[in-house]
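Undergrad: Based on what follows, work out the 3D shape:
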Amino acid sequence: MSKSTIQLNDHLYEYLLNVSLREHEVLKKLRDETLNLSGSQMQISPDQGQFMAFMVRAISAKNILEIGTYTGYSALVCALAMNNGRLITLDCDSVMTQVAEKYWKLAKVDHMIELMLDSAMDSLNHLCSIEDNLESFDMIFIDADKKNYHAYYELCLRLLSKDGIILFDNVLWSGDVADPHNKEANTIAIRELNQSLHTDQRVNITMIPVGDGITMVQKR
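TA: Next comes the predicted model:
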């Protein structure tokens with residue numbers, strides 16, 4: 001019986017992708033274009049995308065909220081997994097999201113995706129001000145500025161349906177969260193979030209080492 005999670009070197013990770021990844025051709029094209037753009041490290045890995053798509057199907061999500069769009073890979077992978085439904089994605093970068101919109105249209109899911117271009121906090125407060133949005137989202141993905149993760153979380157709990165799930169990206173932060181000597185602001189923010197979620201009795205919680213680490217919480 002294994003006592004720890006296996007470490008993935010490049011060779012083993014390539015094997016993992018070869019025997020499990022089923023990536024839509026438009027997702028592959030989007031991923032390839034993003035590699036040449038600034039901030040390409042912000043794009044989720046393809047295996048993480050497939051995991052998210054699996055979750056969308058597993059819970060039959062029809063109403064999804066995303067905080068942090070970038071070039072739209074995670075929004076696209078979720079929209080493709082829904083077949084029909086609504087996905088709202090929040091960002092403030094009008095340049096990178098143009099790339100996203102191009103590929104959403106290419107994949108013919110653009111009619112399902114609504115992009116809100118504003119600060120995430122303003123957009124979340126706006127969504128919370130509409131009664132029909134409260135407790136209406138089946139799944140929420142948080143992958144934006146780390147210092148506001150906890151504030152986003154509190155607002156998202158108002159929008160999350162009963163038994164709905166929230167996914168937080170980058171919760172292992174390249175391992176820096178486990179280094180007590182690392183006092184960088186984003187590292188501290190994620191470390192404090194992790195500690196807070198661990199003791200939050202409003203939700204069920206699990207953390208998994210996919211990509212840069214994902215924490216999933218389910219509203220009780």
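
Undergrad: Which elements pack onto the strand or helix carrying Glu154?
TA: Using DSSP states H and E, Glu154 sits within helix 149-159. Judged by 3 or more C-beta pairs under 8 Å, 6 or more residues apart in numbering; DSSP states H and E, the packing partners of helix 149-159 are strand 63-67, helix 120-128, strand 137-142, strand 160-169, helix 185-198. Yep, even glycine has a C-beta here, placed from its N, CA and C like the rest.

Undergrad: what angle do the first one and strand 137-142 make?
TA: Which is strand 63-67. If you take axes from the mean of the first three to the mean of the last three C-alpha atoms, to 10 degrees, strand 63-67 sits at 10 degrees to strand 137-142.

Undergrad: Show me the contact partners of strand 63-67.
TA: 56, 74-75, 78, 82, 85-90, 120, 124, 127, 136-144, 152, 156, 159, 161 (C-beta atoms under 8 Å, 6 or more residues apart in numbering).

Undergrad: Can I get the one helix or strand Thr97 maps to in CSV? Just the C-alpha atoms.
TA: Assigned by DSSP H and E, Thr97 belongs to helix 96-106. The C-alpha coordinates for helix 96-106 follow below in CSV (Å, rounded to 0.1, in the frame of the first residue of the first chain):
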residue,chain,number,x,y,z
MET,A,96,-5.9,38.0,-23.7
THR,A,97,-9.6,37.4,-23.6
GLN,A,98,-9.8,38.2,-27.3
VAL,A,99,-7.8,35.0,-27.8
ALA,A,100,-10.3,33.2,-25.7
GLU,A,101,-13.3,34.4,-27.6
LYS,A,102,-11.7,33.3,-30.9
TYR,A,103,-11.4,29.7,-29.7
TRP,A,104,-14.8,29.6,-28.0
LYS,A,105,-16.3,30.6,-31.4
LEU,A,106,-14.1,28.1,-33.2
